[in-house]
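1. Give me coordinates for this.
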Amino acid sequence: MRRNALNSLPLLLVPALIAVAGCGGRVSAFSPVTAEHVAVSATATHIDTNGRTQYLATLPGGDPAPVEWSVSGGDPTAGPGHISADGLYTPPSYLTQDAVTVRVNALPVGQATQPGIQLGSAALIVTPGFLQPLTPENLALGPNASVTISGSMTEVGGSGGIRFTLASDTAGTRSEAGSLGPPHCIRRAVASSNPAYTVCTVAYTAPAVIPASTSVYVVGTVPSGTADASPSHSWTRVLLNAAGITSNPAAHQAHLAVPVQLGSSSGNNSDYDSSQGLLADCCGGTLGALIQDAAGTQYVLSNNHVLARSDQSMAGETIIQPGLIDNACTPFGYGPGATPVATLTGYPALSSPATNVDAAIARVTPGSVDAKGNILELGARQSDGTLASAPPGISSTNGKGEAASLGMMVAKSGRTTGLTCAAVSAVSVDVVVDYFTDCAETSHSMTKTFTNQIAISGPSFSDAGDSGALVVDTANAEPVGLFFAGGTDANGVEHAIANPAGDVLAALDLQIPTPTGPANYSFVGAADHPVSCLSYGGARSLKQPAGESIAGLSAAEVQRAEAALQLAQLQLNPTVLRTEAATSKDHPGEAGIAFHLEPGSSANLPNFIGGVPTMVVQANGSPAETQQPRGAALAQAIAAKQRNAAAILKANPAIFGVGVGQSLDNPADAAIMLFVDRTKAPGKLPESVEGQRVRVILMDRLHVTRAHGQPESSVSSCQSRARAASEDESDLLPFNNRLSDDDR
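-> Numbering: from 1, shown residues only. The predicted structure follows:
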């Protein structure tokens, strides 16, 4: 910047603007940029403490104005927040009031840290948000059973609180299924060494009569502070069941008495991040299962990214229960609350192209882990409604696990969501997963492609912190897979990815032999037994109407449907009542041709007519009720996927997964599943592969699902260095830390 010698106002030279003032609304390159020339705008005028918003400074013609950003006002204690050089605003992590106003200022270049002319500004209202999702995130209750649900909001002091309501869905539709007691909130004033957040609890009681299993939502709302802004929401999904089963994931996060059971919180004692000598955050996952080698030596099994910090650990590191995230980010040796249960033995390296699993094992400290391999809640209902612990079944496979099949009902017992069940939605899945060196996932480590994995889909099946949980067949509790990654689709359904159990054991045998030779690892368990399945809903109901209106389709798609509909008339036969243009369920936003059939009948229809997918609908308006696609049709789809998956992943960066599952347009058919990043413009997606149907799932990118905690405060590293010098430990001493799950 150069300053005009005849004027104290700054003169900004705007590169690339060569039009004269007044022509097309642009400013001349030889004219000063003034407040009249600059408009300041943002993507939002109200956010809570969990949100961010992007600010733009533009000239009259729409070109970016060269400015520097500053923020002022805001909270008297927490401050105004922070804005980056490119205008991305991040609020403070907490507030001391119910709402504050932040002033975002656009200043001439070079004036951000000194008084000068303000080119523009905008007001932003910031209100408290949720510190973490309501806890527990999901649970099961029988008739008249009660539970306390807790929520934390990022307000220190103030007068605000969380409002709790009952809803039948995540949209907030009012429900009368049960009752809520009065909320209780604890508020404390800010203290420089230990900020305390507002914590509100409410008691929910299930109804006396539950005719069938159904979900109800306890919705927590943090008011927005303004009438024109949406409040923050979080919810707990409650599975009401006539069987009287009570299941609360909180038990999986607790510090258990030794010998600890599997399905509980765990992690590496060194799995935390540091910043300037202080602990910044920490991670945790799940103790998945117990395995043993040929000599009978026992090991705990979980993910590499849980026990070995994504290839960063060395053999001999300490594995604790619970994980750091459930012990206020305090490692064993620096405070109470955690027990060392195993010592890291080894892991197939994620960085190796030969590795196709995310797994690690740690040798059990004698007496620290249940020697029978009992997993929390994997057993039968007890007299008080809770589920007993039980080992996995091994009698059918001699401890080697069984292969997953499409549609198989499976269960997992994990740290965050406890015992949950859902169906295998895809097999032979190739997925791309990102790994990071830190808990906060700010330092990218590697991008890895796994092949021939298992996909499981269902509401509340998994979440951050369930990493490492063992996936079992609900019919016999036989091990099926090891859960390691997941994401949520546009309908709010979780899609979990698991390594096949047999592949995990084979990789461990190959890469982690015992000193005496091949390990021949196997699962520790007992006789096969059923699992009391807790399923919070189907992956996507096949009973919803398939002949949806085409009103929401683009003009080009409507035209495609109308052209194909004429060709569809040639397919009419005695079992087909009528045809109509519809919206495809396999291809969001695209046309389909629905064939309405006589109830119970079937029709030999082509997969596509005029390039438009066909849809099979019963006369009552719901898709055909058929068995899962199997046999030759499924094998043919898998073969086509195997030949094309690598090319599909390479051709379109928005696609991060390819597998084989069930078509929703015609459930009798197999479909090649494409997992597509819903935040990126996917471009043109394949409508078919070698004549096989394609089903598109728009969702968040897959991420490894360990839980991420942020510390409330940490003492100086000086004291911890003295201790570390004598104990050969880290120089970080966490103290009085709070937990915040990383919401997927």
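
2. longest strand in this protein, by residue count?
-> strand 418-436 (DSSP state E).

3. Show me where the stretch 451-600 of the chain has its helices.
-> 501-511, 555-568 (DSSP state H, counting those that start in this stretch).

4. likewise the chain?
-> Taking DSSP state H to define them, one finds helices in the chain at 250-253, 304-307, 501-511, 555-568, 631-651, 717-727.

5. Which of these has the lowest mean pLDDT?
-> For the helices of the chain, mean pLDDT drops lowest on helix 717-727, to a mean of 33.

6. pretty sure residue 106 contacts residue 118?
-> Yes. The pair residue 106 and residue 118 qualifies as a contact (C-beta atoms under 8 Å) at a distance of 7.2 Å. C-beta here means a position set from N, CA and C on the backbone, and glycine is covered the same way.

7. ok, which stretches of the stretch 1-150 of the chain are strands?
-> 2-3, 10-11, 39-42, 46-48, 53-58, 67-73, 82-83, 88-90, 100-108, 120-127, 130-135, 138-141, 146-153 (DSSP state E, counting those that start in this stretch).

8. Go through these and name the closest to residue 327.
-> Closest of these to residue 327 is strand 130-135, at 15.7 Å (criterion: C-beta to C-beta).

9. Neighbouring strands - and their directions - for the closest one?
-> Within its sheet, strand 130-135 is paired with strand 146-153 (antiparallel), according to DSSP bridges.

10. List the buried residues of the strand it pairs with.
-> Under the neighbour-count criterion of 16 or more other C-beta atoms under 10 Å, strand 146-153 has 147, 149-153 buried.

11. pLDDT on that strand, on average?
-> 94.

12. same question, stretch 270-287
-> Per-residue scores along stretch 270-287 average to 89.

13. ok, and for it, which residues are buried?
-> 270-274, 278-287.

14. now swap in stretch 509-527 and tell me
-> Those would be 509, 511-512, 519-525, for stretch 509-527 by 16+ other C-beta under 10 Å.

15. Make CSV from the residues you listed and add distance to residue 209 to it.
-> Output for the buried residues of stretch 509-527, formatted as CSV (distance: C-beta to C-beta, whole Å):
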residue, distance to residue 209
509, 53
511, 55
512, 53
519, 53
520, 53
521, 48
522, 46
523, 41
524, 42
525, 38
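
16. Check residue 42 and give its pLDDT.
-> Predicted confidence (pLDDT) for residue 42: 87.

17. and it, how many residues sit next to it?
-> With neighbours defined by other C-beta atoms under 10 Å, the count for residue 42 comes to 16.

18. my read: it touches residue 56, true?
-> Yes. Using C-beta under 8 Å, residue 42 is in contact with residue 56, at 7.3 Å.

19. Pairing partners for the nearest residue to residue 87 once chain neighbours are set aside in the sheet, please.
-> Nearest residue to residue 87 in three dimensions, chain neighbours excluded: residue 55, at 3.9 Å (C-beta to C-beta, 6 or more residues apart in numbering). Note on residue 55: beta-bridge partners by DSSP bridges are residue 42.

20. Please report how far residue 55 lies from residue 41.
-> Distance check for residue 55 against residue 41: by C-beta to C-beta, to the nearest Å, it reads 7 Å.

21. swap in residue 175?
-> Taken as C-beta to C-beta, the span from residue 175 to residue 41 is 40 Å.

22. Between these two, point out the one with more neighbours.
-> residue 175 (17 against 13).

23. Surely the more buried one touches residue 214?
-> No. Taking contacts as C-beta under 8 Å, residue 175 lies outside contact range of residue 214: 9.6 Å.

24. How many residues are close by the closest residue to residue 52 other than its chain neighbours?
-> What sits nearest to residue 52 in space, not counting adjacent residues and going by C-beta to C-beta, 6+ apart, is residue 90, at 5.2 Å. Residue 90 has 15 neighbours, counted by other C-beta under 10 Å.

25. Look up the residues forming beta bridges with residue 90.
-> Here residue 90, judged by DSSP bridges, has bridge partners residue 82.

26. residues in contact with it?
-> Shown in contact with residue 90 (C-beta atoms under 8 Å, 6 or more residues apart in numbering): 52, 81-84.

27. what's the answer for residue 344, then?
-> Going by C-beta under 8 Å, 6+ apart, residue 344 touches 268, 307-308, 313-319, 360, 362.

28. ditto for residue 435
-> Contacts of residue 435 by C-beta under 8 Å, 6+ apart are 305, 310, 350, 444-448, 704.

29. Repeat the analysis, applying 6 Å as the threshold.
-> By C-beta atoms under 6 Å, 6 or more residues apart in numbering, the residues touching residue 435 are 310, 445-446.

30. Of the residues you listed, just the buried ones, ChimeraX syntax please.
-> Applying 16+ other C-beta under 10 Å to those leaves a buried subset, and the ChimeraX line that selects it is:
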select :310,445
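
31. I'd like the contacts of residue 435 written out as TSV, with pLDDT and distance to residue 233 added.
-> Listed next are the contacts of residue 435 as TSV, based on pLDDT from 0 to 100; distance: C-beta to C-beta, whole Å:
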residue	pLDDT	distance to residue 233
310	96	32
445	93	33
446	94	35
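
32. most tightly surrounded among the helices of the chain?
-> Across the helices of the chain, averaging neighbours per residue (mean count of other C-beta atoms under 10 Å) puts helix 304-307 on top, at a mean of 30.

33. For it, which helices and strands make contact with it?
-> strand 360-364 (3 or more C-beta pairs under 6 Å, 6 or more residues apart in numbering; DSSP states H and E).

34. partners of the strand it packs on, with directions?
-> strand 298-302 (antiparallel), strand 339-346 (antiparallel).

35. what angle separates it from helix 501-511?
-> Angle, strand 360-364 to helix 501-511, by axes from the mean of the first three to the mean of the last three C-alpha atoms, to 10 degrees: 70 degrees.

36. Touching strand 360-364 from outside, list them.
-> Under C-beta under 6 Å, 6+ apart, the answer for strand 360-364 is 298-301, 304, 307-308, 319, 342-345, 347.

37. can you rerun that using 8 Å?
-> 290-291, 297-304, 306-308, 313, 319, 341-347, 508, 512, 521.

38. So for stretch 448-461, what gets flagged as buried?
-> For stretch 448-461, by 16+ other C-beta under 10 Å, it's 448, 450, 452-461.

39. so who does residue 448 touch?
-> 350, 432-433, 435.

40. Beta-bridge partners for it, please?
-> residue 433.

41. next one: residue 165
-> residue 219.

42. ok, it touching residue 173?
-> No. Residue 165 lies out of contact with residue 173 (C-beta under 8 Å); the separation is 10.4 Å.

43. Counting neighbours around each, name which of the two comes out higher.
-> Counting neighbours by other C-beta under 10 Å for residue 165 and for residue 173 shows that residue 165 has the greater number, 16 against 10.

44. Report the angle between the longest strand of the chain and helix 631-651.
-> Using the same axes, to 10 degrees: strand 418-436 against helix 631-651 is 40 degrees.

45. Need the winner for burial among the strands of the stretch 1-150 of the chain.
-> Taking mean count of other C-beta under 10 Å, strand 138-141 is the most buried of the strands of the stretch 1-150 of the chain, at a mean of 27.

46. how about the CA coordinates for that one, as PDB?
-> The C-alpha coordinates for strand 138-141 follow below in PDB (Å, rounded to 0.1, in the frame of the first residue of the first chain):
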ATOM      1  CA  ASN A 138     -29.500 -43.600  21.800                       C
ATOM      2  CA  LEU A 139     -31.000 -46.000  24.300                       C
ATOM      3  CA  ALA A 140     -33.700 -48.700  24.700                       C
ATOM      4  CA  LEU A 141     -36.500 -48.700  27.300                       C
END
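
47. And the contacts of it?
-> 147, 204, 206, 236-241, 245-249, 417-418, 420, 460, 534, 536.

48. Dump the helices of the stretch 451-600 of the chain to CSV, plus distance to residue 425.
-> Formatted as CSV, the helices of the stretch 451-600 of the chain follow (distance: least, C-beta to C-beta, whole Å):
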stretch, distance to residue 425
helix 501-511, 18
helix 555-568, 26
